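Chemist: Sequence and predicted structure, then a few things I'm wondering about:
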Amino acid sequence: MSEVLLLLGGNLGNKHEIFCKSTKMIEEQIGSIISASSIYETEPWGFVSDLFWNQALQVITAIEPEELLDALLSIENAMGRKRISEDYEARPIDIDILLYNDSIINTTRLTIPHPLIGQRKFVLVPLNEIVPDKIHPVTGLTIHEMLQICPDNLKVNPVKISES
């Protein structure tokens with residue numbers, strides 16, 4: 001079994017419903033979620049758009065990285081994700097593989113660790129909530145240390161979800 005750290009992000013549609021359904025599909029198709037961060041409302045990174053929701057998940061899976069990528073793309077598609085271009089864009093859901101065990105993978109389809117973890121507060125804040133002492137296999141820094149030196153100044157605030 002392998003530990004994978006995922007990041008959910010989205011800013012279109014009913015975000016609460018989309019996150020709940022996506023998380024359920026991850027549990028059904030990928031593996032057990034052993035830890036989930038709070039959901040954070042974040043400013044878009046790299047383009048102008050509505051605010052995003054982001055959440056980090058720690059998952060135990062038997063699925064190998066390339067197969068995991070395909071399964072996550074399938075979940076995104078089922079949740080209404082349409083990839084219009086290679087640029088950043090608004091979307092109902094995006095599920096990124098941040099870390100897979102301590103693996104370093106660099107293929108034409110997949111780069112693990114995700115290459116922009118250290119530059120994005122919307123990734124580091126939720127990760128720091130669930131795995132602050134996790135060591136990044138390339139930088140050798142913990143998630144907490146990476147957050148302390150992250151150059152990103154965009155706002156990342158916890159979402160208050162009312163149960164109604």
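Modeler: The structure has been received and is ready for your questions.

Chemist: so where do the helices sit in this protein?
Modeler: Secondary structure of the chain (DSSP state H): helices at 15-29, 65-78, 121-130, 143-149.

Chemist: so what pLDDT did the spatially closest residue to D133 that is not a sequence neighbour get?
Modeler: Using CB to CB, 6 or more residues apart in numbering and skipping the chain neighbours, the partner closest in space to D133 is T142 (5.3 Å). Placement of C-beta: from N, CA and C, glycine included. According to the prediction, T142 has pLDDT 98.

Chemist: you'd agree T142 is up against K134?
Modeler: Yes: between T142 and K134 there is a contact under CB atoms under 8 Å: 6.5 Å.

Chemist: Could you list the low-pLDDT ranges of this structure?
Modeler: Low-confidence segments of the chain (pLDDT under 70): 46-48, 81-90, 162-164.

Chemist: Identify the residues contacting G31.
Modeler: By CB atoms under 8 Å, 6 or more residues apart in numbering, the residues touching G31 are 1, 4, 59-63.

Chemist: Which strand residues bridge the closest residue to it other than its chain neighbours?
Modeler: Spatial nearest neighbour of G31, chain neighbours left out: T61 (3.4 Å); criterion: CB to CB, 6+ apart. Legend: beta-bridge partners of T61 under DSSP bridges are S2, G31.

Chemist: Distance check, T61 against N11.
Modeler: Here T61 is placed at a distance of 26 Å from N11 (CB to CB, to the nearest Å).

Chemist: Contacts for stretch 64-72 next, please.
Modeler: Taking CB under 8 Å, 6+ apart as the rule, stretch 64-72 contacts 4, 6, 26, 29-30, 61, 63, 95, 97, 100, 103, 105, 107, 109-110, 112.

Chemist: Check the burial of the closest residue to A62 other than its chain neighbours by counting its neighbours.
Modeler: Once flanking residues are discounted, A62 sits nearest to M1: 5.8 Å by CB to CB, 6+ apart. Neighbourhood size, M1 [other CB atoms under 10 Å]: 9.
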